[in-house]
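> Below are the sequence and a predicted model for it; my questions follow.
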Amino acid sequence: MKHVCYLLTICLLTAGMHAYAAERTAYVDDLVYILDLEHHTAEVGVNPKTYGDVIIPEQISDGEGNTYDVTSIAADAFKGCKSLSSIVLPSTLRRLSRSSLEGTGVYQNKELWVDGALYIDSCLIAVNKDIPKPKYVVQEGTRVIAAGAFQGNKVVTSVVIPQSVTRIDAHTFRDCKNLQKVLFGRHVRSIGENAFTGSGIWLNEKKWKKGLLIVDSCLIAVNKEMPGKVQYKTPYRLIAEGAFAGNDKLQSIELSPLLEVLPPACFYNCINLKSVSLPAGLKEVQTFAFYGCGQIKEINLPKSVQKIGAGAFYSCAALQSIVLPEGIDTIGKASFYGCKALTSVAFPSTLLHIGEGAFAGCIRLESIHLPAGLQSMDKQCFAGCAMIEQVVIPERVTAIPEEAFIGCNRLYKLRLPDNLYTIQNAAFKSCMRLEHLSIPDRTFSIGQEAFMGCAVLEDVSFGDDLHVIDNRAFADCKRIEVIALPADVDVIGEGAFSGCYAIRKVTLNAKLRAIEKEAFSDCRSLKEIALPKKLQIIGARAFAGCKRLTKVIMPLQPKQIGDEAFANCEMLTPFPEALSEKTEVGKKIFNGCKQQ
């Protein structure tokens, strides 16, 4: 029997604007998996107490009908599990580390090692000093070479990698001091960080040309001899991940025309990089490629670019504008997060999805023209974009995600699509210049704090299909004067309209059964309220502080009136005689009301 449970872990990316990365952890058959919700893949997490025979499946389910391909095993996943006697790796596996199995019963089983190498299910896990020849040929049909597989091996002098391998992972040949040659062809499409650091290739000064280390047409690393301005000279088709990371000498670079992918962390924190010439055939800018490149003012993306990874231009604080090429359908998570000088973005007509926090903290972004084909956005996508004044949400968007436009202080004009189903928590919180709001007829729910703190919001019209107004949805909207509740709302959430000082008229519907805690507290201009017949609950402090309230029409008795429900309604005459013995009455419900 499979036991599945999960939890949600929120990781703070930065202490600045609120940009978060959600990570779901699933437990399936006593193993921990980390789920990538965007790509529907899973990584085997750290499982320090695993024992016996383990079969890792090709696919797992989260118990909610969602399936995930198992594509990686975390570093140290089973490290030190001496009682782990056997393991079956899935055909979907693309990445694992030597340390994933180090110290396990499998790793220590000498019978599994053949000629100094440990292979499991077409994956090369490790190579030790017992290899018969220093010139090592990886077995034909090998799918994956584990990160660090050859690390520290002082015997090997050359390695031939078969066509079945598409990636050389991080630290694979690190500190192989006698390694002078690695043969791999165009089938290798990516190289991990520090794959060759400290190897014989790395230590051989003759292999470095003007501070660049190029191996088999792949740019592996740079050193202090690299000039501040790098021009394309020697052709290379790949750049290793993090190749230029942290290089504070680099000021400008012209990249090879053969390059199709800019790898993860390629120019990570190159704080003095100002100019980049991208090749015409570039197809992808991957995760954190230009993270922290704070002096780049402009970058021209070739028309060939189809993908922009998470955090690709994260905190490029001087970047002023960007034109996204046609063909891009997704903008990755936090792609332009914290680009404080960014004033304009040209979106392609092909865009379907904007990732979490994609433009969060772009405090000078003045206008956004979202393409008609846009289908979805993730939370905080434009959070803290304080200069945006107008937003038209395209018709195919059915949900405004959490904190999507929170803190857009200058947003005064908003048009929501007719097919909008939900406005999630804090979606437009603290949009302090928003004046008018029309909720479409098909909108079902308004989440917690969705419009909280929209201080100059004057009028709100609700659509006919609205069912849910959640906690503090309109709290502190100080200029709203009239509220007319749609027919199907049966509960008004906690503090939903608290602090709405200007509300003078509230029309409640016949189906309403509960007014929750502090729902209308401090509505200082409200003079009269007619409660519907089906109302059963008036929550604690529901009308507390309504200083001008003089009349409460209560045709039938509710089942419950909470503590201080009408406290400090200074002009309201208490009406205890009107309450039925069947009503559960809280403490001090008329405390501070008009003295009789």
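Looks like it arrived, so ask away. These figures come from a predicted structure and were not determined experimentally.

> going forward, measure contacts between C-alpha atoms and count neighbours the same way
Noted.

> Residue 505 and residue 511: what is the separation?
In this view, residue 505 and residue 511 are 18 Å apart by Cα to Cα, to the nearest Å.

> again with residue 173
70 Å.

> more crowded one of the two?
Regarding residue 173 and residue 511, a neighbour count based on other Cα atoms under 10 Å identifies residue 173 as having more, with 29 against 16.

> so the more buried one sits right up against residue 151, yeah?
Yes: contact status for residue 173 versus residue 151: in contact at 5.0 Å, counting by Cα atoms under 8 Å.

> hmm, which helix or strand of this protein has the shakiest average pLDDT?
Across the helices and strands of the chain, mean pLDDT, DSSP states H and E gives its lowest value to strand 4-12, namely a mean of 32.

> Not counting residues beside it along the chain, what's closest to residue 32?
What sits nearest to residue 32 in space, not counting adjacent residues and going by Cα to Cα, 6 or more residues apart in numbering, is residue 45, at 5.1 Å.

> element containing the residue lying closest to residue 113 once chain neighbours are set aside?
Counting by Cα to Cα, 6+ apart, the nearest residue to residue 113 once its immediate chain neighbours are dropped is residue 119, at 7.4 Å. Applying DSSP states H and E as the criterion places residue 119 in strand 117-120.

> which stretches of the stretch 401-550 of the chain form strands?
Ranges of strands within the stretch 401-550 of the chain are 413-415, 422-423, 436-438, 445-446, 459-461, 468-469, 482-484, 491-492, 505-507, 514-515, 528-530, 537-538, based on DSSP state E, counting those that start in this stretch.

> same deal with the stretch 1-150 of the chain?
When assigned using DSSP E, counting those that start in this stretch, the strands of the stretch 1-150 of the chain occupy the ranges 4-12, 20-28, 31-36, 41-44, 52-55, 59-61, 67-73, 84-88, 113-114, 117-120, 123-127, 135-137, 144-145.

> measure the residue lying closest to residue 513 once chain neighbours are set aside to residue 472 for me?
If the residues on either side of it in the chain are set aside, residue 513 comes closest to residue 535, at 3.9 Å by Cα to Cα, 6+ apart. Spatial separation of residue 535 from residue 472 under the definition Cα to Cα is 20 Å.

> So in that sheet, which strands flank the strand holding residue 119, and in what orientation?
Each strand that pairs with strand 117-120, with its direction, by DSSP bridges: strand 113-114 (antiparallel), strand 123-127 (antiparallel).

> Figure out which of the ones you listed is closest to residue 93.
Closest to residue 93 of these, according to Cα to Cα: strand 123-127, at 8.9 Å.

> rewinding a little: could I get the strands of the stretch 401-550 of the chain in JSON lines, plus columns for mean pLDDT?
What follows is the strands of the stretch 401-550 of the chain, written out as JSON lines (pLDDT from 0 to 100):
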{"stretch": "strand 413-415", "mean pLDDT": "96"}
{"stretch": "strand 422-423", "mean pLDDT": "98"}
{"stretch": "strand 436-438", "mean pLDDT": "97"}
{"stretch": "strand 445-446", "mean pLDDT": "98"}
{"stretch": "strand 459-461", "mean pLDDT": "95"}
{"stretch": "strand 468-469", "mean pLDDT": "98"}
{"stretch": "strand 482-484", "mean pLDDT": "96"}
{"stretch": "strand 491-492", "mean pLDDT": "98"}
{"stretch": "strand 505-507", "mean pLDDT": "96"}
{"stretch": "strand 514-515", "mean pLDDT": "97"}
{"stretch": "strand 528-530", "mean pLDDT": "96"}
{"stretch": "strand 537-538", "mean pLDDT": "96"}
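
> Using a markdown table, lay out the ones you listed together with mean neighbour count and distance to residue 97.
Rendered in a markdown table, the data for the strands of the stretch 401-550 of the chain read as follows (neighbours: other Cα atoms under 10 Å; distance: least, Cα to Cα, whole Å):
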| stretch | mean neighbour count | distance to residue 97 |
| --- | --- | --- |
| strand 413-415 | 15 | 49 |
| strand 422-423 | 24 | 42 |
| strand 436-438 | 16 | 53 |
| strand 445-446 | 22 | 46 |
| strand 459-461 | 16 | 56 |
| strand 468-469 | 23 | 48 |
| strand 482-484 | 16 | 60 |
| strand 491-492 | 24 | 53 |
| strand 505-507 | 17 | 63 |
| strand 514-515 | 22 | 56 |
| strand 528-530 | 17 | 67 |
| strand 537-538 | 24 | 58 |
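
> To residue 103, which of those lies closest?
With Cα to Cα as the measure, strand 422-423 is the member of the strands of the stretch 401-550 of the chain nearest residue 103 (50.4 Å).

> hang on, the earlier thing: mind checking which of the strands of the stretch 401-550 of the chain is nearest residue 196?
If you check each of those against residue 196 by Cα to Cα, strand 422-423 wins as the nearest, at 49.7 Å.

> Which residues does the closest one contact?
When contacts are defined by Cα atoms under 8 Å, 6 or more residues apart in numbering, strand 422-423 is touched by residues 398, 399, 400, 401, 402, 443, 444, 445, 446, 447, 450.

> and of the residues you listed, the nearest to residue 415?
Proximity to residue 415 was ranked across the contacts of strand 422-423 by Cα to Cα; first place goes to residue 400, at 11.9 Å.

> Could you double-check that that closest one lies in contact with residue 427?
Yes: applying Cα under 8 Å, one finds residue 400 in contact with residue 427, separated by 6.6 Å.

> ok, and which of the strands paired with strand 117-120 has the densest surroundings?
Taking mean count of other Cα atoms under 10 Å as the contact definition, the stretch among the strands paired with strand 117-120 with the greatest mean neighbour count is strand 123-127, which reaches a mean of 24.
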